[in-house]
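Enquirer: Predicted coordinates and the sequence they were generated for:
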Amino acid sequence: MYQHIQVPDQGQKITVNADMSLNVPDQPIVPYIEGDGTGVDITPVMLKVVDAAVEKAYGGRRQIQWMEVYAGEKATRVYGPDVWLPQETLDALREYVVSIKGPLTTPVGGGIRSLNVALRQELDLYVCLRPVQYFKGVPSPLKEPEKTNMVIFRENSEDIYAGIEYPAQSDKARKLIRFLQDEMGVTKIRFPETSGIGIKPVSIEGTERLVRKAIQYAIDNDKPSVTLVHKGNIMKYTEGGFRDWGYALAQKEFGAQPIDGGPWCQFANPKTGRKIVIKDSIADAFLQQILLRPAEYSVIATLNLNGDYISDALAAQVGGIGIAPGANLSDSVACFEATHGTAPKYAGKDYVNPGSEILSAEMMLRHMGWKEAADLLISSMEQAILSKRVTYDFARLMEGATQVSCSGFGQVMIENM
Ligand SMILES: NC(=O)C1=CN([C@@H]2O[C@H](COP(=O)(O)OP(=O)(O)OC[C@H]3O[C@@H](n4cnc5c(N)ncnc54)[C@H](OP(=O)(O)O)[C@@H]3O)[C@@H](O)[C@H]2O)C=CC1
Ligand SMILES: O=C(O)CCC(=O)C(=O)O
Ligand SMILES: [Mg+2]
């Protein structure tokens with residue numbers, strides 16, 4: 001029994017088998033978080049468009065029973081002023097296995113820590129999976145945007161996102177700095193009296209489980225390469241560790257052999273026989289190469305902060321974060337969410353592109369094995385874009401476009417199913 005979550009009368013839970021495959025009933029109960037800011041605009045549109053696709057694909061035989069759960073500002077209205085991420089929200093997301101969320105606001109500087117990060121950490125959703133793919137007709141700053149076709153595996157549970165940091169001039173910052181100076185012989189904190197300080201944990205286990213998923217994805221989807229993106233020349237034992245442990249895992253678990261003495265290595269895809277190259281790139285160079293030579297990159301495995309930057313940069317190459325979907329995954333639980341945030345200046349205006357959250361739902365349907373409904377979301381979005389009835393973000397860059405609202409774009413998609 002929940003305090004504020006209303007479990008739908010109809011429908012059943014999705015369950016997980018011992019081999020981590022899913023049992024998906026025809027009427028699964030799927031929790032959703034509306035989200036802050038533009039969440040109030042895009043989430044209702046996503047629900048409506050997904051319902052229409054499921055109805056069209058299965059003619060009433062299948063239907064999602066949506067169950068609202070609360071986080072962020074809405075949670076504080078439902079549960080009380082300081083309750084941002086209620087325990088029963090976490091319980092429900094775990095218990096119902098597959099869920100979707102709108103964006104949640106995190107203040108800069110002080111205030112609450114990120115609820116998005118907290119959710120990933122509490123549920124150990126260690127993979128942030130963000131596919132970046134071009135839709136025909138989308139305006140892009142690149143001449144050949146179709147050459148950008150990558151899938152980001154961003155480590156979601158550690159790195160500087162662990163939130164171990166202390167404000168400048170606080171007792172804890174002073175204590176930690178004194179410890180570093182007195183016990184660890186550190187002399188290079190330039191202004192010790194006024195430094196805020198943060199800690200960046202990166203582990204062998206955390207790296208291995210992420211890189212394993214990235215390589216398995218390359219095998220399952222017949223991809224030519226996995227690139228480990230890091231800044232290991234500077235952060236040798238965290239980002240450099242990630243690179244070394246990633247290569248070691250590829251050799252140990254997938255039988256990869258060094259190319260020309262390494263460190264790049266390769267193995268034959270056991271499903272197709274085609275070779276998969278494991279390579280690495282230093283993050284700053286990588287950010288220029290994805291613009292200049294995007295076709296050379298396919299699956300990307302990277303740490304939390306790099307993955308955050310790279311996600312938005314790659315999204316821009318194929319038309320922006322209006323159509324950038326994502327998933328947060330553990331071995332059993334999945335919570336889907338857009339790459340973008342709450343875009344507060346547009347909140348409540350029925351204005352922004354709901355495409356990222358709809359495409360996140362497309363990933364969710366595919367994860368559930370509801371391929372026909374997922375395919376309908378893709379084809380109807382393609383049609384909507386080709387007909388140039390698009391939201392402001394595309395309309396301002398397209399010639400001859402008709403600008404539609406957030407809900408209007410949902411309606412155009414439904415008409416195209
Ligand atoms: N997973 C999550 O819940 C995330 C939450 N956040 C949080 O969101 C808040 C705002 O962050 P901010 O840095 O402004 O980043 P946002 O991603 O919210 O917005 C940045 C810009 O991206 C464009 N954009 C965002 N959403 C859409 C959309 N649906 N359709 C079209 N364009 C869009 C807009 O560009 P333009 O101005 O050009 O129109 C917007 O100004 C912060 O509190 C941040 O912490 C951020 C990222 C992820
Ligand atoms: O948690 C936040 O507020 C921002 C997170 C973010 O930018 C991301 O996950 O891409
Ligand atoms: Mg981000």
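Expert: Alright, I've got the coordinates. Ligands and ions are numbered 1, 2, ... in the order given.
Enquirer: residues from this protein in reach of ligand 1?
Expert: Within the chain, the positions near ligand 1 by C-beta under 6 Å from any ligand atom are 38, 42, 103-106, 116, 320-322, 337, 340-344, 352-353, 356, 393. In this view, the C-beta of every residue, glycine as well, is placed from N, C-alpha and C.
Enquirer: for the stretch 151-300 of the chain, what spans make up the helices?
Expert: 171-184, 204-220, 239-254, 283-292 (DSSP state H, counting those that start in this stretch).
Enquirer: typed the wrong thing, it's the stretch 1-150 of the chain
Expert: Using DSSP H, counting those that start in this stretch, helices in the stretch 1-150 of the chain cover 39-58, 73-79, 87-95, 115-122.
Enquirer: With just CA atoms, put the longest one into PDB.
Expert: Spelled out, that is helix 39-58. Output of helix 39-58 as PDB, limited to C-alpha atoms (Å, rounded to 0.1, in the frame of the first residue of the first chain):
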ATOM      1  CA  GLY A  39       7.600  18.200 -17.900                       C
ATOM      2  CA  VAL A  40       4.100  19.500 -17.500                       C
ATOM      3  CA  ASP A  41       4.000  20.100 -21.300                       C
ATOM      4  CA  ILE A  42       5.800  17.100 -22.700                       C
ATOM      5  CA  THR A  43       4.800  14.300 -20.400                       C
ATOM      6  CA  PRO A  44       1.000  14.500 -21.100                       C
ATOM      7  CA  VAL A  45       1.800  14.600 -24.800                       C
ATOM      8  CA  MET A  46       4.100  11.600 -24.500                       C
ATOM      9  CA  LEU A  47       1.400   9.600 -22.700                       C
ATOM     10  CA  LYS A  48      -1.200  10.500 -25.300                       C
ATOM     11  CA  VAL A  49       1.000   9.700 -28.300                       C
ATOM     12  CA  VAL A  50       2.200   6.400 -26.800                       C
ATOM     13  CA  ASP A  51      -1.400   5.400 -26.000                       C
ATOM     14  CA  ALA A  52      -2.400   6.100 -29.600                       C
ATOM     15  CA  ALA A  53       0.500   4.100 -31.000                       C
ATOM     16  CA  VAL A  54      -0.300   1.100 -28.700                       C
ATOM     17  CA  GLU A  55      -3.900   1.300 -29.700                       C
ATOM     18  CA  LYS A  56      -3.100   1.400 -33.400                       C
ATOM     19  CA  ALA A  57      -0.500  -1.400 -33.200                       C
ATOM     20  CA  TYR A  58      -2.600  -3.800 -31.100                       C
END
